[in-house]
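1. pasting a predicted model and its sequence here:
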Amino acid sequence: MKKIHLPLVFLVLVASASVGRASEPNAIRGRLPHDAILQGFPCAHGDAWFYPDGALNQCTLARPATLGDLRVPPGSVIELWPSGAPHYLMLPRETVLAGFRIRGGTRLDRSRGATTAF
């Protein structure tokens with residue numbers, strides 16, 4: 001039977017947990033000290049994710065914003081493709097967009113809720 005060293009397993013788990021929640025594997029986490037307009041989006045203070053070239057990858061909206069043809073509420077998490085086009089969003093609560101009722105975040109955590117892809 002192969003022996004597994006617990007300190008090594010613990011280190012791997014801690015390292016993988018600290019990578020973050022951005023879906024882009026090369027995304028770099030930044031911390032916004034204040035709400036800021038990034039690439040035309042009103043991002044809330046706190047964590048924001050960026051592509052290696054500095055382009056916005058993901059942030060939480062500080063106030064309502066237009067994403068494509070949709071007006072999305074504050075508290076929504078948006079993710080962009082490297083081109084700046086919308087990739088997906090996570091709504092903080094159930095919301096009606098373009099006449100459709102879209103599921104939002106869960107009671108546990110908005111980031112574990114339903115996503116809406118573009």
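-> The structure has been received and is ready for your questions. Numbering: from 1, shown residues only.

2. could I get the pLDDT score of Glu94?
-> Note on Glu94: pLDDT of 86.

3. ok, it - contacts?
-> Each residue near Glu94 by C-beta atoms under 8 Å, 6 or more residues apart in numbering is listed here: 101-104. For glycine as for every other residue, the C-beta is placed from the backbone atoms N, C-alpha and C.

4. of the residues you listed, just say which sits nearest to Ser76.
-> Of all those, Gly104 has the smallest distance to Ser76: 8.4 Å, by C-beta to C-beta.

5. for the protein, give me the ranges with low pLDDT.
-> Applying pLDDT under 70 to the predicted model, the residue ranges of the chain that meet it are 1-24, 106-118.

6. again, only using 50
-> 1-20 (pLDDT under 50).

7. returning to that earlier point: now for the contacts of Glu94: which two are most distant?
-> Put simply, by C-beta to C-beta the two of the contacts of Glu94 set farthest apart are Arg101 and Gly104, 9.9 Å from each other.

8. and for those two, which residues touch both?
-> Taking C-beta under 8 Å, 6+ apart as the contact rule, the neighbours common to Arg101 and Gly104 are 94-95.

9. okay, these two: which has more neighbours?
-> Set side by side, Arg101 and Gly104 show more neighbours around Gly104, with 18 against 9, by other C-beta atoms under 10 Å.

10. element containing that one, please.
-> When secondary structure is defined by DSSP states H and E, Gly104 falls outside every helix and strand.

11. same question, Arg71
-> Assigned by DSSP H and E, Arg71 belongs to strand 70-72.
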